[in-house]
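J.: When you get a sec, could you give me coordinates for this:
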Amino acid sequence: MEFKQSHQAFRKEKLINLSSEVCGVNPLDTPKARCPRCGELGKRVNMETIKNIVKSDRLPSTLEGYYLCVSDKCDVIYFGQQTLYKDDIKVKVWFKERDLSVPVCYCKDVTKADIIEHISERKCCNDIKDIQGHTEANTGKECLTKNPAGT
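T.: Numbering: from 1, shown residues only. Here you go, the predicted model:
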């Protein structure tokens, strides 16, 4: 029983580490600005992403020059002329939430729970290719407008 629980914990941790490869922050992006709250370097975000992810009543007047705060411990989502928080956006950000219902692929609405189910219960997935084949994660073309990272 102990082995099974530790194996499941390992698989869940592996999922969290792999999820950035499925849909999310590209570690090769060059950050140029720091989050005003936590000081982490941010990832530049396209204005189309801001326009589609931020709630309409909270949209900044200027959509250019925004960055995504990539810290999982910070409540800031976007920063630029204004600082936008979790309550200012339409979706949860997968790397800032521990909730298993949060999408890891926004285009195909694949959640952390879906991937854990395929790995732990169905036992049909061992790597990213398997996950993509079974869930269609990372096969959509709408990341720019559906994924908070825009990628």
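J.: contacts, neighbours, all on C-alpha from now
T.: OK.
J.: show me the contacts for the residue sitting nearest the centre point of the chain.
T.: Among the residues of the chain, the one closest to the centroid is Trp94, at 3.7 Å (Cα atoms, centre = their mean). Shown in contact with Trp94 (Cα atoms under 8 Å, 6 or more residues apart in numbering): Val102, Pro103, Val104.
J.: Return the member of those residues nearest to Arg37.
T.: Checking these against Arg37 with Cα to Cα, the nearest one is Val102 at 23.5 Å.
J.: quick one: that closest one and Ile53, what's the gap?
T.: From Val102 over to Ile53 the distance is 15 Å, taken as Cα to Cα, to the nearest Å.
J.: What are the phi and psi values at Asp88?
T.: Reported as degrees, to the nearest 10, the phi and psi values for Asp88 are phi -90, psi -10.
J.: picking up where we left off before, any idea which of the contacts of Trp94 is least confident?
T.: pLDDT across these is lowest for Val104, at 90.
J.: Right, I'll call it a day here.
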